[in-house]
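Q: when you get a sec, could you give me coordinates for this:
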Amino acid sequence: MIHVSRLTKFYGDYPAVQDVTFDVGAGQVVGFLGPNGAGKSTTMRILAGYLTATSGSATIAGHDVVWDSLEVRRRIGYMPESCPLYHEMRITEYLHFRAGIKGLYGAKRRQRIDYVLKRCWLEDVRRQIIGTLSKGYRQRVGLADALLAAPPVLILDEPTAGLDPTQIRSTRELIRELGREHTILLSTHILSEVEMTCDHAIIIHRGRVAAQGTLSELKDRASAGAGLVAAFDGQIDDTALASLEGVTAVQKESVDGIVRVRLKSDDVASLTPRLCNLAAAKGWKVREIRPERPTLEDLFVQITGRENA
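A: Numbers count the residues shown, from 1 in each chain. Below you'll find the model as predicted:
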């Protein structure tokens, strides 16, 4: 549905985006993940037709974002990070205005406005002036605007920015529901948001794609730095731990008579029984043995930490 090939954007001599390539299949909810300034918003503005790339290409539903921009805009709903709303208009007035721009008239316009007001929890404030709304409600109006024409593709740039925890939870639930009907590219720098709402993720750093794939694939990639965490009563033999087959590093700390160790290994599954056998042979009193579960955060830190070093 979305195809991006070697997309590059320069601001003067500064490369905001460099050789970005990725695909988003129909029906996927893809998290576009990266730290602030990584190039997320620039890429999404290019896809939405607000910016022109310096080089490379991008298509949405088979239409080029530069040479066939009107057809692209008919197929996307774009919600920028800071929604440019008319603050002097009431919510329903604004949505009527936006529906006309999108080619919706008569009964179809009324039907879609009623639908998005309900979908975005705006029915109770539909007559309120936008300028009097909180940041959370303005975000909802922006999302309602993106949904008006029932586009097959939604491009959402930081949809939960500035929201309180309750609003964030509600917005995440809505995005999961919308994923059943739309292809969604969701930009964020919040790792937990991607894990809760997306099935695929793209990590961008310093304007380049650093990793992409399903969440399970990315977590498997992060598992290269995984290991076992164990806790013992009393003293233990560091040399014996380091000599265990498969152990690549040992980290240890002692607190109030309890020794906690982290064993790094490329094969955590087979290391667990070997550690248990060693503890039994040495008579160590085991409090805990558990594998470290790799997360997107682990991979994110590996990527950004390595490149910032």
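
Q: check contacts around residue 185.
A: The neighbourhood of residue 185, defined by C-beta atoms under 8 Å, 6 or more residues apart in numbering, consists of 2, 24, 30, 32, 44, 47, 153-156. The C-beta positions use only the backbone N, C-alpha and C, and glycine is treated the same way.

Q: what's the closest of those residues to residue 132?
A: Minimum separation from residue 132 among the contacts of residue 185 (C-beta to C-beta) is found for residue 156, which lies at 24.3 Å.

Q: pull out the buried members of the contacts of residue 185.
A: Buried members of those, scored by 16 or more other C-beta atoms under 10 Å, are 2, 24, 30, 32, 44, 47, 153-156.

Q: what about those, which are in helices?
A: Applying DSSP state H to those, the entries found in helices are 44, 47.

Q: of the buried ones among the contacts of residue 185, closest to residue 131?
A: In terms of C-beta to C-beta, no member of the buried ones among the contacts of residue 185 lies closer to residue 131 than residue 156, at 23.0 Å.

Q: I figured the closest one hits residue 76, correct?
A: No - using C-beta atoms under 8 Å, residue 156 and residue 76 do not qualify as a contacting pair, with a distance of 10.6 Å.

Q: out of the contacts of residue 185, which comes closest to residue 218?
A: Nearest to residue 218 out of the contacts of residue 185 is residue 30 (C-beta to C-beta; 11.8 Å).

Q: and the closest one, what are its bridge partners?
A: Taking DSSP bridges, one finds residue 185, residue 200 as the beta-bridge partners of residue 30.

Q: was I right to think it contacts residue 187?
A: No - no contact is recorded between residue 30 and residue 187 when judged using C-beta under 8 Å, the distance being 9.8 Å.

Q: show me what contacts residue 172?
A: If a contact means C-beta under 8 Å, 6+ apart, then residue 172 has 160, 193, 196-197 as its contacts.

Q: can I get the helix or strand where it lies in CSV? Just the C-alpha atoms.
A: Residue 172 is part of helix 165-178, with elements assigned from DSSP states H and E. As requested, the backbone C-alpha atoms of helix 165-178 are provided in CSV (Å, rounded to 0.1, in the frame of the first residue of the first chain):
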residue,chain,number,x,y,z
PRO,A,165,-2.7,9.1,30.5
THR,A,166,-6.5,8.5,30.1
GLN,A,167,-6.6,10.2,26.7
ILE,A,168,-3.5,8.3,25.6
ARG,A,169,-5.1,5.0,26.5
SER,A,170,-8.4,5.9,24.7
THR,A,171,-6.5,7.0,21.6
ARG,A,172,-4.4,3.8,21.5
GLU,A,173,-7.6,1.7,21.7
LEU,A,174,-9.1,3.7,18.9
ILE,A,175,-6.0,3.2,16.7
ARG,A,176,-6.2,-0.6,17.3
GLU,A,177,-9.8,-0.6,16.2
LEU,A,178,-9.0,1.5,13.1
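
Q: quick check: buried residues in that helix?
A: 167-168, 170-172, 174-175, 178.

Q: among the contacts of residue 185, which ones are in strands?
A: Secondary structure of those is defined by DSSP state E; positions in strands are 2, 24, 30, 32, 153-156.

Q: format these as a markdown table; extra columns: distance to residue 115 and pLDDT.
A: What follows is these, written out as a markdown table (distance: C-beta to C-beta, whole Å; pLDDT from 0 to 100):
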| residue | distance to residue 115 | pLDDT |
| --- | --- | --- |
| 2 | 24 | 94 |
| 24 | 25 | 93 |
| 30 | 24 | 93 |
| 32 | 26 | 91 |
| 153 | 18 | 94 |
| 154 | 15 | 94 |
| 155 | 20 | 93 |
| 156 | 18 | 92 |
